[in-house]
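Asks: fold the following.
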Amino acid sequence: NASSASDLLGALRDIIPTASNEKPVYLEGHRWRYAIVSKPVGKPFLSDPENALTIAGDYMLGPNVEHAFLSGKKAAAHITANL
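Replies: Next comes the predicted model:
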């Protein structure tokens, strides 16, 4: 819901103060009901260094929010290690 999304935005701004200077174009929260992956990719992320593209998500490892978190965390580590 909108309140949860606002709370999360506030937490992000606490972690990244420069984010306070930006107003979101679109902000919405929803429950984790969209993950219906039956056959995950099996890797935490996919990366195309030539195009500077890395993708992550629950569909990479499994159908739970924890899978999305782990996928994003691994992708972020990969991106920052290759800056």
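
Asks: helices or strands up against the longest helix anywhere in the chain?
Replies: Counting by DSSP state H, the longest helix found in the chain is helix 65-81. If you count contacts as 3 or more C-beta pairs under 8 Å, 6 or more residues apart in numbering; DSSP states H and E, helix 65-81 packs onto strand 53-55, helix 58-61. From N, CA and C alone the C-beta is placed, and that goes for glycine too.

Asks: buried residues in it?
Replies: 67-68, 70-72, 74-75 (16 or more other C-beta atoms under 10 Å).

Asks: so which of the helices and strands packed on helix 65-81 comes closest to residue 47?
Replies: Of all those, strand 53-55 sits nearest to residue 47, with 4.5 Å by C-beta to C-beta.

Asks: just checking: what are the partner strands of the closest one?
Replies: strand 46-48 (antiparallel) (DSSP bridges).

Asks: now the spatially most central residue of the chain. Nearest residue, chain neighbours left out?
Replies: When C-alpha atoms, centre = their mean is applied to the chain, the residue found nearest the centroid is residue 72 (5.1 Å). Of all residues not flanking residue 72 in the chain, residue 56 sits nearest, at 4.8 Å (C-beta to C-beta, 6 or more residues apart in numbering).

Asks: read off the pLDDT value for that neighbour.
Replies: Per-residue pLDDT puts residue 56 at 95.

Asks: that one against residue 71, yeah?
Replies: Yes: look at residue 56 against residue 71 with C-beta atoms under 8 Å: they come within range, at 4.1 Å.

Asks: mutual contacts of those two, please.
Replies: Taking C-beta atoms under 8 Å, 6 or more residues apart in numbering as the contact rule, the neighbours common to residue 56 and residue 71 are 44-45.

Asks: residues in contact with the least confident helix or strand in the chain by mean pLDDT: which ones?
Replies: In the chain, no helix or strand scores lower on mean pLDDT, DSSP states H and E than helix 2-15, which sits at a mean of 86. For helix 2-15, the surrounding residues in contact (C-beta under 8 Å, 6+ apart) are 19-20, 24, 27-29.

Asks: centre of the chain to it, how far?
Replies: Chain-centre distance of helix 2-15: 14 Å, with C-alpha atoms, centre = their mean, to the nearest Å.
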